[in-house]
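> When you get a sec, could you give me coordinates for this:
(chains A and B)
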Amino acid sequence: EAAVTQSPRNKVAVTGGKVTLSCNQTNNHNNMYWYRQDTGHGLRLIHYSYGAGSTEKGDIPDGYKASRPSQENFSLILELATPSQTSVYFCASGDKLGGLEQYFGPGTRLTVL
Amino acid sequence: QEKVQQSPESLIVPEGAMSSLNCTFSNSASQSIWWYQQHPGKGPEALISIFSNGNKKEGRLTVYLNRASLHVSLHIRDSQPSDSAVYLCAVNSAGNKLTFGIGTRVLVRP
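Reported below is the predicted structural model:
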C-alpha cells in the first residue's frame, strides 16, 4: 500500500529559527508536493518536485525552500521562521500514470512562537 | 490560476440520507477533477475522480461533471456516521498540480 510519512508530527519553533520538515514516500512516485492547510484557505501548494534534484515553486513559495535529494525524500525548509508560518503542513506523492491521484502523509503541526 | 469554490460550507444529514456536495472551477480545459475525504487530524484521501463530461458511479458515490457550466457534484448515497468528514474538491488544469477548494464539512447524525 502507498505510504507517505512525515517527521516531526509536531514542532514548536521560535521566530527567526530554522525549521526543516521531512517527508518520505515508498510509492516510487516521481512527483512530491508540500502543502499548508489553514482555516479559510484550504490546502495551498508551497513547492513541488518532479524527481530527485528538482524543485518547483508552487502558489505560495515565499519564505520556504525545498530539497529533493532522492526519489524517496522531500524536505521543506523554513530558514527564518515567522508566526505567520504557523500551520499544518502536508506532504504528498503522486504520478501522472495514476491520473495525478495524490497520496498524503499524516501532516506536521508547526507552531512558531 | 485555477479557482475552485465549494458549497455548502457545511452539511448535516441524517443517517441513511443522500449527501450532495457542489464544486465549481474556473478553467473549462481542466483535465481531471478529484474528490478527497479528510477526517480530523488526518491527511486527505482520494475518493473518486472524473475526467469526462457525464457521471461516474463507484459504490455509494456518484460524481457528475458538466464542463460547460464548470460544475461538478458529489453524491453519497445512504450516508453513514463514518462518512462524517471534510470533503475537498481538487482540479488539475496545468502540469502535475492540483488546486484544492476549501472543503465542505459533512456531519451524518445517527
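> tally of neighbours for the residue in chain B positioned nearest to chain A?
Closest residue of chain B to chain A, C-beta to the nearest C-beta: B:Gly43 (3.2 Å). (Each C-beta comes from the backbone N, C-alpha and C, glycine too.) Residues within reach of B:Gly43, counting by other C-beta atoms under 10 Å in any protein chain shown, total 22.
> got it, and A:Gly16?
Neighbours of A:Gly16 under the rule other C-beta under 10 Å: 10.
> coming back round to it: my guess is the residue of chain B closest to chain A contacts A:Pro106, does it?
Yes: here B:Gly43 reaches A:Pro106: they are 5.4 Å apart, a contact under C-beta atoms under 8 Å.
> per-residue confidence at A:Gly58?
Model confidence at A:Gly58, given as pLDDT, is 93.
> wait, isn't it in contact with A:Ile46?
Yes: assessed by C-beta under 8 Å, A:Gly58 is found in contact with A:Ile46 at 5.0 Å.
> Find the nearest non-adjacent residue to the residue in chain A positioned nearest to chain B, please.
Closest residue of chain A to chain B, C-beta to the nearest C-beta: A:Phe104 (3.2 Å). Using C-beta to C-beta, 6 or more residues apart in numbering or on different chains and skipping residues adjacent in sequence, the residue nearest A:Phe104 is B:Gly43, 3.2 Å away.
> Can you name the residues that contact the one you found?
Residues near B:Gly43 by C-beta atoms under 8 Å, 6 or more residues apart in numbering or on different chains: A:Val4, A:Phe90, A:Ala92, A:Phe104, A:Gly105, A:Pro106, A:Gly107.
> Helices - which of those land there?
Per DSSP state H, helices hold no members of those.
> Quick check: of those, which lies closest to B:Leu88?
Taking C-beta to C-beta as the measure, B:Leu88 lies nearest A:Phe104 of these, at 10.5 Å.
> Please look at the closest one and A:Gln6 and confirm they touch.
No: counting by C-beta under 8 Å, A:Phe104 stays clear of A:Gln6, with 9.2 Å between them.
> Give the residue spans of chain B that score low on pLDDT.
Of all residues in chain B, none has pLDDT under 70.
> whoops, chain A was the one
Low-confidence segments of chain A (pLDDT under 70): A:1-2, A:97-99.
> what about 80?
Where chain A drops to pLDDT under 80, the residues are A:1-2, A:96-100.
> near chain A, which residues of chain B?
B:1, B:32, B:34, B:41-46, B:49, B:51, B:88, B:92, B:96-103 (C-beta under 8 Å from any C-beta of the partner chain).
> Tell me the buried residues within these.
Neighbour counting over the residues of chain B next to chain A (16 or more other C-beta atoms under 10 Å in any protein chain shown) leaves B:32, B:34, B:43-44, B:46, B:49, B:88, B:92, B:96-103 as the buried ones.
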